[in-house]
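Participant: quick one: sequence plus predicted model below, questions after.
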Amino acid sequence: MASIDLDKVLDKAWADKSLPEILAAPVAALKGVSDRDGELLQEAFGVKTVADLAELKYARWAQALAALNAAK
């Protein structure tokens, strides 16, 4: 089972929220992602929420390529 330190990846306002709330949150809920970054992600890729970002095919492709490279 996967685990993650929410304090390291979420802005403080979101750290005590449930997982469904976090996934429905705007991408700016992620630490280091600004409201403007969120606007740009929405304009470029239609990404509005943390869940949208997780499902973004380009991010998945990049992760798969990185995993292939790490397995060499």
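Facilitator: Ah, there it is. Numbering: from 1, shown residues only.
Participant: which residues in this structure form strands?
Facilitator: Chain-ordered strands for the chain, with DSSP state E as the definition, do not occur.
Participant: point out where it drops to low pLDDT.
Facilitator: 1 (pLDDT under 70).
Participant: any idea how many residues pack against Val50?
Facilitator: 23 (other CB atoms under 10 Å). The C-beta positions use only the backbone N, C-alpha and C, and glycine is treated the same way.
Participant: pretty sure it sits against Leu30.
Facilitator: Yes - counting by CB atoms under 8 Å, Leu30 is a contact partner of Val50 at 6.5 Å.
Participant: just the helices in this structure please.
Facilitator: For the chain, applying DSSP state H gives helices covering 6-9, 19-24, 35-45, 50-55, 57-70.
Participant: quick one, the third one and helix 57-70 angle?
Facilitator: In this case it means helix 35-45. Orientation check (axes from the mean of the first three to the mean of the last three CA atoms, to 10 degrees): helix 35-45 against helix 57-70 gives 100 degrees.
Participant: got the contact list for helix 35-45?
Facilitator: Here helix 35-45 makes contact (CB atoms under 8 Å, 6 or more residues apart in numbering) with Pro26, Val27, Ala28, Val47, Lys48, Leu53, Leu56, Tyr58.
Participant: so how far is it off the chain centroid?
Facilitator: Going by CA atoms, centre = their mean, to the nearest Å, the spacing between the C-alpha centre of helix 35-45 and its chain's C-alpha centre is 12 Å.
Participant: related to what we said a few turns ago, deepest-packed of the helices of the chain, please.
Facilitator: helix 50-55 (a mean of 16; mean count of other CB atoms under 10 Å).
Participant: tell me which other helices or strands that helix touches.
Facilitator: Helix 50-55 is packed against helix 19-24, with contacts defined by 3 or more CB pairs under 8 Å, 6 or more residues apart in numbering; DSSP states H and E.
Participant: show me the contact partners of the helix it packs on.
Facilitator: Helix 19-24 is touched from outside by Leu6, Leu10, Trp14, Ala29, Thr49, Val50, Ala51, Ala54, with contacts defined as CB under 8 Å, 6+ apart.
Participant: contact partners for the closest residue to the third one other than its chain neighbours?
Facilitator: What that stands for is Trp14. Spatial nearest neighbour of Trp14, excluding adjacent residues (CB to CB, 6 or more residues apart in numbering): Ala29 at 4.3 Å. Neighbouring residues of Ala29 by CB under 8 Å, 6+ apart: Leu10, Asp11, Ala13, Trp14, Ile22, Val50.
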